[in-house]
Every structure is written in structure tokens, then in C-alpha cells.
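Show me the folded form of this:
(2 chains)
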Number of protein chains: 2
Amino acid sequence: MCQPPAVGLSITLSVLAESADASAALVIPSSAVGSHTDIGAVRAFASECDVVTFDHEHVPAEVLAALEADGVILHPSREALVFAQDKLAMRRRLTEIGIACPAWAQVRDAASLQAFGDEVGWPVIVKTPRGYDGKGVRVVGSPDEVADWLSDVARDSAAYAAAASDELLGDELLGDELLGGGPLAAGLLAEEKVDFVRELAMLVVRSPSGQAGAWPVVETVQTGGICTQVLAPAPGLDPELSAVATAAGLRIAGELGVTGVMAVEMFEVRDPQTGNPAYLVNELAMRPHNSGHWTIDGAVTSQFEQHLRAVLDLPLGDTSPRAPWTVMGNVLGGDHPQLYPTYRHLLARDPGLKIHLYGKGVRPGRTIGHVNVSGSDLDDLRARASHASDFLQGVITE
Amino acid sequence: MCQPPAVGLSITLSVLAESADASAALVIPSSAVGSHTDIGAVRAFASECDVVTFDHEHVPAEVLAALEADGVILHPSREALVFAQDKLAMRRRLTEIGIACPAWAQVRDAASLQAFGDEVGWPVIVKTPRGYDGKGVRVVGSPDEVADWLSDVARDSAAYAAAASDELLGDELLGDELLGGGPLAAGLLAEEKVDFVRELAMLVVRSPSGQAGAWPVVETVQTGGICTQVLAPAPGLDPELSAVATAAGLRIAGELGVTGVMAVEMFEVRDPQTGNPAYLVNELAMRPHNSGHWTIDGAVTSQFEQHLRAVLDLPLGDTSPRAPWTVMGNVLGGDHPQLYPTYRHLLARDPGLKIHLYGKGVRPGRTIGHVNVSGSDLDDLRARASHASDFLQGVITE
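Numbering: from 1, shown residues only, chains lettered A, B, ... in the order given. The predicted structure is shown next:
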């Protein structure tokens, strides 16, 4: 999705794609095929680039370190990216700089998890800091429900301690994988289960020169744990909370040295003392993010154009909305193996709908595209986006 | 410029490019290199495509005929495209269907040109029907000023008559090149020099199924014979003239069997009888056109997305403007061999400016890009677009 603005800005993109038929490789002439975990492939690719950026956070720390050693310019840098890769590092850093987060603890054993849960109330959320076997979050009512993870923590901690016996465990969150301890050497992240009003997201951008910008705070509507719609801006958002959340997003970007676009996923809560609207930061993503897809059609400068401008240290663009409301609807793979007939129908039904398909194969539950609709009647826009998403997925048939 | 919407619509483009570093080849993975005049190259390329369309009108009739014989689907078709290729065919057909045009005549000798000029008043405009040595328009005060062209007309007419002695000259406007007469076998087009108020353009689209649409009529501001700005919609346009011009554009598309986007360049004039605003059609272009570049940022559906929808016979998109005004400013090559420093400056000066560069080498006078600005203050938008164009060209230096 960076290719369209790159065309206009006359920026030549190259992509290291996982396969020749990957979505990005289909639309970017200068594509190499290789794995982001293959140091040789990534170094060879990066040697041809002026600047390297990322469309996910899973590039291993040792690959990033090798690129930095080669003098490759990375945006975001390895130092910043770790806070999107490692949830314990993120929680610690955000807490240090005074950003509101859910109550949290770094736990390495059942006793510390029990103590945390007894303090904040059960159930609690337990997360593996770096994702783990594709699943890294559980809602648990007791330490028994993460006994398998705690056992791996013990194993990785021991391996780490053996490799670095004179270091204190827990002070090397950035280097745990490099040091051979394994992904759970630093333990698990336990968080209170937040009683939130709704979920918000804040999209900010920062350039290497330090220019920064923010789009309006949006609401991310979740259905069954999946973001189905984004409402831009967040309807009825308290202006004070909007200002505070925006300031928090910009502060995170500056303090963490983020370069490029960053999405800050937040919970809207009520302050337990005052009852006023407040935020708690849930997750960070240092790249263009699903919660910002509305900007492609709904803002003067899209998150993809802005990310390109930022990582190339070009002046940033205007983040103003183009319409009073824009609704983004995610399209999940469903019952239609062939999208074309439904897609034709939708184009005919709603000439104002902007459809963005990703050129991916259709698999149930996989995000295969999104739609944007802009205008002044939010209820109408939500209905149109819902219809389009449901129809493309096969949930409805007319 | 079709590549960005193709990415979103999941349409795979291929381009037959004149060289590997042509603008389109730089951004479209599936590119072949070859000349549009090379029948073999074009046939081989077309055999891999579902639909073939054009970004200029210069594909020779014999190449189009060969593609049709191969069963290739062409949009626009050869039958429609001839009216954009051959100005005599265009004038005759428009006159037949009642579209207002400047007074015109098909002339084959000095006497007929003299008679036409004496009737409508000198000077008159003389055009070669199909372009000729790169220059095909002259403003002349007497037949002597096109004596060279008239001599070629005599030569080509004689060659045509020898090849098809039982046919009447002039009834074979479509086939003159095929029949071996040469490009001027049908003579020249003479037109009155119109005393116009301003120049307008009308952008329409029509699909093979017959669905059609139109964007608002725009003003094309000319400076020294070059279009420097497009104002969308045309400021202060009489609503009646807007409706009549739009109806004319749609009627031309339908009657000529146009598929895809068509630009109708018009003069705004005063009706000599009533003094009311009226139009005269100047030129047709059957493709996305410079006068429609404002739609990339200024309309819900851009001319490039719409052209793709139309030639694939997909339902057409909403042509509504996204803002009260959009101003497009052409960027001409000038004194800056390297655009990058000026481009950086402009991005910083005007974060709301949308810059579209074409990846072409900078040559004085060559169109190398355009800028769009949208908003509610037309004077401000015009000033911003002028500054950007002039600064990129080097006319001003700050």
C-alpha cells in the first residue's frame, strides 16, 4: 500500500518479499524474494537501498544488528523497534515516561503471578513478551492456566543465567534472544484486565529530523476480538481526552525515538477517582497499521505516504481529514473463494465505496482487504461499510 | 498513473513501454519493451492481456486492425478511436450528430481554403487530420502559408486515387493510411478562429455495457498556448451551459461508441444571436487526460480508476468532487536538472500540496508532473498551485 504514494512522489520502492506472488511483489517491480529471518538475504537486499523500513515487527534482533553494523539506515531504528517487538520493554519504558498503562508486572513464576492477580483482581491477561508460537495472549483465572509458559520461562531463564551468570535477570530485555536465553528468558507480562468503555487508536508520525504529526484519534470497533470497523474520528470523543491522548502519542514517538508511522492502541476508560474519560495504552505498532487505513481515502495525507515521507526524512504532509467522517471496514476471507462476482456487485451497489483488496488468497478469517466510505452521515457510512464487509465475506448474500 | 488504483482494485496491469526506463515501466512489474508501431511486438504483448487500452492515440490503424483480427478486446475500439486520431473524421461525425463545433471545411487545394477563409474570415486555423511531423496546426492568413501541406495533399490524393480509382476521395477517411494514400490523402481540416471567452474541458466515461458518467466541467487555463492550470469546477460557469456541455459530452461518448475515459476540450463562447454562454467542441482525447488530473485527489473516483473500471466493464465509481475546489497545476521541466531539492522545499512549504511527478527526465518545456490542491478558497488554491509549478520549474526561486 506504499506503492501508490511512491508512484506520485517518484520514490522507487524495492521489497524483500516472502514469495514471488506475495501481495507487495505483485505491484512493485523491484522485488527480491527471501526471508526476513535470513541474515544473508536481508543484508544483500539492504545493500541496494538508501533506507530500509518494515511492514511488520518480526525481523529478528540479530538481523537488525547485522544491518546496523553494515551501516544500513533503518527507520524505525533497532533501538526504537524493540519497544514494538518486546511488550515487557514497552511497558517498562512507557511507565518510565509517565504514559498511562494498565497495571502490569513482569512475572517469572506462579507465585509472582498469583501475587499480581490477587492485587489487581482475577482474571488477568498474560502475554508472552515477543509472541510465541503465533499465540501470545491468554486471559487466565489462575497461574495454572499458563503453567506451560511458566515452565518455558524457567528453562529460558536458566539458559540465560548460564550464558551470562554475572548479569541480573531482567535487565537485558533487549538482548534476550541475542544472548541465547530464548524468547521467555525475561519472563511473562501480566496485565490487569481493563474494564474499558471502548477501544481507540492514535496514529502518529515522526521523522528523523524530529518533525511529528498526528491524525485524529479513531475508534476501533471490535467484534469477537477482531477489529471490524474504524470510525474516524472517534464519535463523541471528549475533547480533553482527545488532546491528552494525542499528546501521549507524540510523547511516546519522541521519547522512544520512533521514525515513521506509529499506531498506539488505547482503551478508553473512566478515571476511577474523577469519573472523567481517560486512556490506557494497550499496544504499539511501529508501521502503517490497520487502524490507519481510513487515511488512504479519508485524509489529505495517508499513513502510507506519510511513512514514506518520514523514513526518507522528507517534510511531513497535512493529516487533516477530507470529510467529516470516514469509516473503514475490514474485509475478512469467508465463503467466497472467488471475490470477483461479489466485488462487481459492490461496485455497482455503492459507487462511492473505495475498495482496497490486497491480492491475497482468500482464507476464512484472513484479512484480505478493506473498504473506506467518507461523508457526513456516520450511521449511513457504518451501514455501507458493514454491508460491504459482510457481503464480501459471504455473511450476507445480497 | 493507472497503477495506484489498480493496486487497490487488485487489477494486474501490464505495459508495453517504449523503453525499460519509461515512467510506466518503472512502477509496473509486468512490463514489456517495444514500439506501439511494431505489429509483432504489439500482438505478442496483447496476446497475454484480457483487455488492451491506450495511453495515447498514435497506435497505427493497421496495428489496431491486426489486434482486432486476433480477437483482442480493445477499449476504446478501433472504430471509436479513429475519431480521436483523425480530426476530419471527428469534425464530420460531431457535425452529423448535432454537436456544436467551430465552422470547418475539408480542403484539398488553395481555392477551397481561400473560399472557406473568405466565408468565415481570416485568419483561419489549418490542421493536418492526423498530426504530421509532430506539428499539425497553423494559424494562417492565406493559403500560401500552407502551400507545403497542400502540395503533400496533392501527392497523397493522387496516390490514393491510383490505388482505389473507383472510389470517391473523401469517403474513406478511416482507411486512408491503410489504403496507401498517405496521411494527407483526405486533405486538410480548416476551422474558423474562434473568439472564445475561455477554454473548458468535460471529462466523461462510458463502459462497454453503456454505463456512463461525467465529472464537473472544468476550466483549463492556458498560458502561451500551454495548459498551466485546471480549475475544478469551472468558476462561475453558467448552470445551463454546464448542463448542455455535460449532455454533449455524454452524447459524443454514446454516439461514437467510446469505451473508457474521454476528454472533450471546448471553447466557451457567446451565442452570436442571444449573447448567452455556449460551447464549441475543440478536440477529443479518448484516454485519461491532463484536464482530468485534478480527479486523482479532488474526486471520489479518479479518471484513472474510472478508466480501469470502464475498460474492464466494471461498474463505474462516483464522480463527485471531494472539496468545493480543486486546482491542478502542471509542472514543466525547467532550470532544475535535479528536482529533489525544490521538491523537498515545496513539501515543507505546503503540507497540503499533492505532488505527482512522472519519473521522467527533466527537459525544458516537458510536462514532468503536476500538483493538486483542494479546499474552499479558490484564490488561495490558485496561488499555491502557481507557486509550486513555478518553483519546480525554476521560474521563481523561493
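
what about chain A, any weak spots by pLDDT?
Along chain A, segments meeting pLDDT under 70 span A:132-134, A:164-180.

the domain parsing of it - what is it?
Domains of chain A are assigned by automatic domain parsing as A:3-74, A:103-192, A:195-320, A:323-398.

now those in a markdown table, with distance to chain B and mean neighbour count?
Backbone N, C-alpha and C define where each C-beta goes, glycine included. A markdown table is the format used below for these (distance: least, C-beta to the nearest C-beta, whole Å; neighbours: other C-beta atoms under 10 Å in any protein chain shown):
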| stretch | distance to chain B | mean neighbour count |
| --- | --- | --- |
| domain A:3-74 | 3 | 17 |
| domain A:103-192 | 27 | 17 |
| domain A:195-320 | 4 | 20 |
| domain A:323-398 | 4 | 18 |
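
Is A:Ser389 within a helix or a strand, and which one?
helix A:378-393 (DSSP states H and E).

Can you spell out which helices and strands pack onto that helix?
strand A:226-232, strand A:325-332, helix A:340-349, strand A:367-375 (3 or more C-beta pairs under 8 Å, 6 or more residues apart in numbering or on different chains; DSSP states H and E).

Quickly run through the sheet partners of the second one, with directions.
Looking at strand A:325-332 with DSSP bridges, its paired strands and their directions are strand A:226-232 (antiparallel), strand A:367-375 (antiparallel).

any idea which helix or strand comes after the first one?
Read that as strand A:226-232. Scanning forward in sequence from strand A:226-232 by DSSP H and E, the next helix or strand is helix A:239-255.

who touches that following helix?
Helix A:239-255 is contacted by residues A:93-94, A:97, A:99-100, A:200, A:202-206, A:210, A:212, A:214, A:216-217, A:233-234, A:258, A:262, A:264, A:266, A:268, A:276-279, A:281, A:284 when judged by C-beta atoms under 8 Å, 6 or more residues apart in numbering or on different chains.

Among those, which are located in strands?
A:200, A:202-206, A:212, A:214, A:262, A:264, A:266, A:268, A:277-279, A:281, A:284 (DSSP state E).

quick one, the helix holding A:Ser389 and strand A:325-332 angle?
Interaxial angle, helix A:378-393 versus strand A:325-332 (axes from the mean of the first three to the mean of the last three C-alpha atoms, to 10 degrees): 20 degrees.

For helix A:378-393, list the C-alpha coordinates in PDB.
Extracted in PDB, the C-alpha atoms of helix A:378-393 (Å, rounded to 0.1, in the frame of the first residue of the first chain):
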ATOM      1  CA  LEU A 378     -22.000   8.400  10.200                       C
ATOM      2  CA  ASP A 379     -24.800   5.900  10.600                       C
ATOM      3  CA  ASP A 380     -25.200   5.700   6.800                       C
ATOM      4  CA  LEU A 381     -21.400   5.200   6.400                       C
ATOM      5  CA  ARG A 382     -21.300   2.500   9.000                       C
ATOM      6  CA  ALA A 383     -24.200   0.600   7.400                       C
ATOM      7  CA  ARG A 384     -22.500   0.800   4.000                       C
ATOM      8  CA  ALA A 385     -19.100  -0.300   5.300                       C
ATOM      9  CA  SER A 386     -20.800  -3.200   7.200                       C
ATOM     10  CA  HIS A 387     -22.700  -4.300   4.200                       C
ATOM     11  CA  ALA A 388     -19.600  -4.300   2.000                       C
ATOM     12  CA  SER A 389     -17.600  -6.200   4.600                       C
ATOM     13  CA  ASP A 390     -20.300  -8.800   5.200                       C
ATOM     14  CA  PHE A 391     -21.100  -9.200   1.600                       C
ATOM     15  CA  LEU A 392     -17.500  -9.800   0.500                       C
ATOM     16  CA  GLN A 393     -17.100 -12.300   3.400                       C
END
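
could you check the angle helix A:340-349 makes with that helix?
Using the same axes, to 10 degrees: helix A:378-393 against helix A:340-349 is 160 degrees.

Centre of the chain to helix A:378-393, how far?
What separates the centre of helix A:378-393 from the centre of its chain is 24 Å, taken as C-alpha atoms, centre = their mean, to the nearest Å.

quick one: contacts for A:Gly210?
Counting by C-beta under 8 Å, 6+ apart, A:Gly210 makes contact with A:Gly254.
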